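Asks: Structure, please.
(2 chains)
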There are 2 protein chains.
Amino acid sequence: MKYSKFFGKTFSSLSSEIVIPSHKLLLKAGYIAESVAGRYYMLPLGMKVQNKMVSIIRNKMDQSGAMEMITPVLHPLELWSESGRDSATGFELTTITDRRGAVFALGGTAEEMFVDIVRRYNISYKDLPFNIYQFSTKFRDETRARGGLLRVREFLMKDAYAFTENEEQFTKLYQEMTEVYFDIYSSFGLKAKAVPAHNGFIGGDYCHEFVVDSQIGETKYLTTESSNYIAHEDVAKILIEDINSNDELLEIQEVEADRAKTIIAGSEFHNLPINLQIKNVVFKSTTLGLVLAVIRGDLDVNVTKLEQDILGLVEGDIEPLEDSEVIDLLGSYPGFISPVGIKECADSKGQKVTIVGDSSLRTIKNAYTGSNKKKVDLLNVNIDRDYTLDYEGDISLAVEGLKAQNGDVLKVNKGIEVGNIFQNALHYTSKMKGADFTNSEGKLAPLYMGCFGIGIGRTLAAVVEVHNDDNGIIWPKNIAPYQIHLVNIGEDEFAESLYNELLDAGYEVLWDDRDVRPGVKFTDCDLIGNPLRVVVSSRLKESNHFELKFRNSSDVEILSKKELLSKIQDFYAN
Amino acid sequence: MKYSKFFGKTFSSLSSEIVIPSHKLLLKAGYIAESVAGRYYMLPLGMKVQNKMVSIIRNKMDQSGAMEMITPVLHPLELWSESGRDSATGFELTTITDRRGAVFALGGTAEEMFVDIVRRYNISYKDLPFNIYQFSTKFRDETRARGGLLRVREFLMKDAYAFTENEEQFTKLYQEMTEVYFDIYSSFGLKAKAVPAHNGFIGGDYCHEFVVDSQIGETKYLTTESSNYIAHEDVAKILIEDINSNDELLEIQEVEADRAKTIIAGSEFHNLPINLQIKNVVFKSTTLGLVLAVIRGDLDVNVTKLEQDILGLVEGDIEPLEDSEVIDLLGSYPGFISPVGIKECADSKGQKVTIVGDSSLRTIKNAYTGSNKKKVDLLNVNIDRDYTLDYEGDISLAVEGLKAQNGDVLKVNKGIEVGNIFQNALHYTSKMKGADFTNSEGKLAPLYMGCFGIGIGRTLAAVVEVHNDDNGIIWPKNIAPYQIHLVNIGEDEFAESLYNELLDAGYEVLWDDRDVRPGVKFTDCDLIGNPLRVVVSSRLKESNHFELKFRNSSDVEILSKKELLSKIQDFYAN
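Replies: So this is what the prediction gives:
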């Protein structure tokens, strides 16, 4: 392709608000352009990369025995009602009504559609297992789009859905898909980690998020240095050590406490350790009314565990209470909330409050906390005697410096989520009628499911985050838009004959044939980031030589035609 | 792929209402499945065919110098307002509002999006011409879905948009794309014709529809036997021969006419030729009120010409008036409508009527027609003297038996519309701000555009319509889902070793390894329609032979392994 007629050339200036490397480089080099916030044009350069990624994923999925198909973009909303996901707020679902009044969802994932098509067949155990997948546009009505392709409202996703007889058959397939995923990311030049994560909106018992380490990533996961522990922040478990659970119970006391409202202020005022304090965090739920989360003072509340694991709510159902609401709705006082008597306080305001306590509360005796009255604290507060819980369990947040359950110290890592694999078990097939198969005993049983997703755009952005330098992108060779970037300094005809020779040899060549300064061509070449740069000039032509430079090196080689072709061939043969 | 684990197996029974061959065969063989009316799942078999078609189109587009990209699925509605297409009723546009209140169109085509991205660049004449295209899902909120993939509400389309300096540069590209299209259809085993057609909703001065002849097609086009004339019904022009335009004008007469309301009844009642009668057809327009179309009695009104060419309305703006409305709104009487005095009749009902007359009215003198009163006709009616027209032009419908303008007799043909190419000229770039380029004189000028579409699903259905027999589909070899369909009658291990050998040799093989009767396997094999069938059985194994059959022939060959592999290789090498 000649760059003079190429559509989507490099941009010389960008808004200074664009700071994330992949966002900046992909815009500047002409890979993508924004339509409106969170919706992107994939320009010819970006499309070439995306097509290569799709082709690699397709081949590896097919090799694993998976079969490609595709569902309509518009999903009948009835199907989402069957699974109960139509009312989930966490998924930013968009719906649309056609001229006949039929309502459709713009799907964020397609479990319901795949179950819908599968259940129309009389599936027998002889047909199982099978794994069907699609490449299709997914829609998320995100409140906040961010960072170019990193968080968008529309994106291309490879989503696979596995149908199996039972847990055993599924587990084998899950492990195979894990390996396929590692293989796929590795083809893109990415070192991805499989991090145990939270099933969230997708449903099921376990899942793994594939994460590429990056400081600009939104995923936080915990590891330990001295062991193999790895877990997403949403599911990481910490070691809760005993404080004084064998102490004698002392009598509860009410004391004046003219202090600021922080945990530290409480500890300093009473001159007592933070881990004997009781921390109270209040939320409002769209379905449950008020929720009081109670935890030991040195720990924090993990909202995902509280919301989804303990309360069984969907993502986004609860949000923190404002200070004014603590007074008006809860009948308490900010900084002086207490589980002791809180139900009565809320009752006086006509509100219901659900109390959820973390297991860490069992490790302390004679704790201290607020009293629901301004500037009054309670000392010697004890669980079961002074307050009771509606729910008790693990709602603690794992943070850097705490210990994992094996005793090793936890470290926080940040990364980009580039894929997910989920066990769904019977989550969909038990809710959606007729999603059964005939087992080897001739009886009907629900299909055992799982699903496997890769966000293509975000993965592409992750590649750029990992592979770039000050001058631009450095593409891994199997997904670069072009194999060779040809630059001529004058000598158009000589360049054209090399261009044609390279095309005839089967290479993908981008030839910058513009009549612009050499500096502009070199800058654009580095920015675009194809693996090889070949330069033709009058000086080189005199000696019948060519200049070759690898994008990931600063060395320049002057080669004869034969040497040049041989070097290029060697590079792409391996 | 082993058919035992294949998802989307053949269906043995289908609704008897499904009669169109491609609809029936694609459902029955497991290529497609309906989600809801007009929205289809593309199952693994269908997906393989579609992917091959996409790949062929992509290669041929790229070879022509076109560049692939892709726009978001949701088009900001503001862009459609710029071009004025947001209010067009003929296009069945669906809109959607996101949680921030932004309104988007689900695009039926993407001219606005492509202009939007192109105008952000400072395009110079040096960048031109270029042709950019995408494969993307298109949405049409059709009132009536029909015939499987033939008329749907969602479909994959390849749509290309060419940006050029001027008519001359565009015309060259238009001719090149015509050749590319012929080449593409020919790769699919289709003989397509390029039929001059109506630009309709797309806008511009001329276009061609690519049509594959088929009795189940919805496109009607006209040809002449003795010349190269070819034209879509919407644009075909007929020869209007003079009847008696040189006659002396006689005095207008009102006569009683106790007759039925048809044209024939009028002719018989007055004993006068049909071509001296004036035919009156009334429509209501959403924008213009009532419209009376007047034409010579032996001719019919072409609604597209009337609506779009003469009145400049969008497709679907006008619809026929009911008989009761002729009385209540027009103030006339069904069967006795007349252009004479019609404005006064409508006026008495508070309505406005626009009169459009066909040029054929100039070929007759002393014509006869109704009087707007029940059972009263007018004789010796003459244009200009007795009635006048608001618009005059060609609104005649070309039908079989009439003559083309060259005098040859017209024949009507039916076919499936599998693609379109359009000249848009400045239709979009004059309406959408900043869609300019800097010409060689340094001045801004609007880009000269055209667009080129192929509906993948409908083309796939057209292939099946053309290539099938009583037993199933007969795929052309380069788009068949699999190259070889392997059937074993017992002898699983022997079959598996051949299966692996064929896979290793690089062939795509579908092996029916199920434990079912041979008859079932053979029936399914013919239904699915891969080009080659290879059979393995105990009897054949004894002599170390294999059976080979081509899907498009009834001959069966018994071959040694070497002969078999050589035959297969020869078949796929050519």
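
Asks: remind me which residues of the stretch 51-200 of chain A are low pLDDT?
Replies: A:88-92 (pLDDT under 70).

Asks: Enumerate the residues of it near chain B.
Replies: Residues of the stretch 51-200 of chain A lying close to chain B by C-beta under 8 Å from any C-beta of the partner chain are A:51, A:65, A:67-74, A:76, A:92, A:94, A:96, A:98-99, A:102, A:106, A:113, A:116-118, A:120-121, A:126-130, A:132, A:137, A:139, A:141, A:143, A:153-154. (Each C-beta comes from the backbone N, C-alpha and C, glycine too.)

Asks: May I have stretch A:454-466 exported as PDB, CA atoms only?
Replies: Listed next in PDB are the C-alpha coordinates belonging to stretch A:454-466 (Å, rounded to 0.1, in the frame of the first residue of the first chain):
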ATOM      1  CA  ILE A 454     -11.500 -11.900  25.000                       C
ATOM      2  CA  GLY A 455     -12.000  -8.200  24.500                       C
ATOM      3  CA  ILE A 456     -10.100  -7.600  21.200                       C
ATOM      4  CA  GLY A 457      -9.800  -3.800  21.500                       C
ATOM      5  CA  ARG A 458      -8.600  -3.800  25.000                       C
ATOM      6  CA  THR A 459      -6.100  -6.600  24.200                       C
ATOM      7  CA  LEU A 460      -4.800  -4.500  21.300                       C
ATOM      8  CA  ALA A 461      -4.400  -1.500  23.600                       C
ATOM      9  CA  ALA A 462      -2.600  -3.700  26.100                       C
ATOM     10  CA  VAL A 463      -0.100  -4.800  23.400                       C
ATOM     11  CA  VAL A 464       0.600  -1.100  22.700                       C
ATOM     12  CA  GLU A 465       1.000  -0.400  26.500                       C
ATOM     13  CA  VAL A 466       3.600  -3.100  26.700                       C
END
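
Asks: Spell out whether that stretch and chain B are in contact.
Replies: No - judged by C-beta under 8 Å from any C-beta, stretch A:454-466 and chain B are separated, with a smallest distance of 10.9 Å.

Asks: For that stretch, what is the distance to the chain centroid?
Replies: Stretch A:454-466 sits 11 Å away from the centroid of its parent chain (C-alpha atoms, centre = their mean, to the nearest Å).

Asks: buried sites along that stretch?
Replies: Within stretch A:454-466, the residues scored as buried using 16 or more other C-beta atoms under 10 Å in any protein chain shown are A:454-466.

Asks: coming back round to it: tell me which of the residues of the stretch 51-200 of chain A next to chain B fall in helices.
Replies: A:51, A:113, A:116-118 (DSSP state H).

Asks: Looking at those residues, which is nearest chain B?
Replies: Lowest distance from chain B to those (C-beta to the nearest C-beta) belongs to A:I117, with 5.1 Å.

Asks: what is the residue nearest to that closest one when sequence neighbours are not counted paired to in the beta sheet?
Replies: Spatially, and ignoring its direct neighbours in sequence, A:I117 is nearest to B:Y41 (5.1 Å; C-beta to C-beta, 6 or more residues apart in numbering or on different chains). Beta-bridge pairing for B:Y41 (DSSP bridges): B:A33.

Asks: so A:K28 makes contact with A:G8?
Replies: No - using C-beta atoms under 8 Å, A:K28 makes no contact with A:G8, being 11.4 Å away.

Asks: more crowded one of the two?
Replies: A:G8 (24 against 19; other C-beta atoms under 10 Å in any protein chain shown).

Asks: Now for the more buried one: which residues touch it?
Replies: Residues near A:G8 by C-beta atoms under 8 Å, 6 or more residues apart in numbering or on different chains: A:30-31, A:33, A:43-46, B:67, B:69, B:121.

Asks: For the residue of the stretch 201-350 of chain A found nearest chain B, give me the pLDDT.
Replies: Going by C-beta to the nearest C-beta, chain B is nearest to A:G316 of the stretch 201-350 of chain A, at 12.2 Å. pLDDT recorded at A:G316 is 83.

Asks: what about it, neighbour count?
Replies: Residues near A:G316, counting by other C-beta under 10 Å, number 16.

Asks: So it: helix, strand or coil?
Replies: With DSSP: H, G, I helix; E, B strand; the rest coil as the basis, A:G316 sits in coil.

Asks: So in chain A, where's the weakest helix or strand by average pLDDT?
Replies: Every helix and strand of chain A was ranked by mean pLDDT, DSSP states H and E. The lowest is strand A:94-97, at a mean of 88.

Asks: Quick one: distance of that one to the chain centre.
Replies: On C-alpha atoms, centre = their mean, the centre of strand A:94-97 falls 25 Å from the chain's centre.

Asks: got it, and stretch A:306-313?
Replies: Distance of stretch A:306-313 from the chain centroid (C-alpha atoms, centre = their mean) equals 20 Å.

Asks: swap in stretch A:453-460?
Replies: The chain centroid and the centroid of stretch A:453-460 are separated by 10 Å under C-alpha atoms, centre = their mean.

Asks: same deal with stretch A:239-253?
Replies: Put simply, stretch A:239-253 sits 40 Å off its chain's centre (C-alpha atoms, centre = their mean).

Asks: List the buried residues for it?
Replies: So, applying 16+ other C-beta under 10 Å, buried residues of stretch A:239-253: A:240, A:243.

Asks: do you know how far the residue nearest to A:L379 when sequence neighbours are not counted is from A:Q215?
Replies: Using C-beta to C-beta, 6+ apart and skipping residues adjacent in sequence, the residue nearest A:L379 is A:Q253, 4.4 Å away. Counting by C-beta to C-beta, to the nearest Å, the separation of A:Q253 from A:Q215 is 48 Å.

Asks: what does A:S245 give?
Replies: Distance from A:S245 to A:Q215, by C-beta to C-beta: 40 Å.

Asks: For the nearest residue to A:A105 once chain neighbours are set aside, grab the count of nearby residues.
Replies: Closest residue to A:A105 apart from its sequence neighbours, by C-beta to C-beta, 6+ apart: A:H75 at 4.6 Å. Per other C-beta under 10 Å, the neighbour tally for A:H75 reads 25.

Asks: Could you do A:Y333 as well?
Replies: Residues near A:Y333, counting by other C-beta under 10 Å: 20.

Asks: Which residue is the nearest non-sequential neighbour of it?
Replies: Nearest to A:Y333 is A:K374, by C-beta to C-beta, 6+ apart, at 4.5 Å.

Asks: again, but for A:G297
Replies: That would be A:Q277: by C-beta to C-beta, 6+ apart, it lies 3.1 Å from A:G297.

Asks: ok, that neighbour - how many residues close by?
Replies: The local packing of A:Q277 (other C-beta under 10 Å) involves 23 other residues.

Asks: How much space separates it from A:D377?
Replies: Taking C-beta to C-beta, one finds A:Q277 at 10 Å from A:D377.

Asks: shared neighbours of these two, which are they?
Replies: With C-beta under 8 Å, 6+ apart, A:Q277 and A:D377 have common neighbours A:266, A:368-369.

Asks: Just the buried subset of these, please.
Replies: Neighbour counting by 16+ other C-beta under 10 Å classes A:266, A:368-369 among those as buried.

Asks: low-scoring stretches of the stretch 401-550 of chain A, by residue?
Replies: Residues of the stretch 401-550 of chain A meeting the criterion pLDDT under 70: none.

Asks: can you map out the helices along it?
Replies: Using DSSP state H, counting those that start in this stretch, the helices of the stretch 401-550 of chain A run over A:456-466, A:492-504, A:518-528, A:538-542.

Asks: list the contacts for the nearest residue to A:T137 once chain neighbours are set aside?
Replies: Sequence neighbours aside, B:V73 is the residue nearest to A:T137 in space, at 5.1 Å (criterion: C-beta to C-beta, 6+ apart). B:V73 sits next to A:73, A:137, A:139, A:154, B:106-107, B:136-137 when contact means C-beta under 8 Å, 6+ apart.

Asks: Return the subset of those lying in strands.
Replies: Under the assignment DSSP state E, the contacts of B:V73 contribute A:137, A:139, A:154, B:106, B:136-137 to strands.

Asks: circling back to that earlier point, any idea how many residues pack against the residue nearest to A:Y333?
Replies: A:K374 has 15 neighbouring residues, counting by other C-beta under 10 Å.
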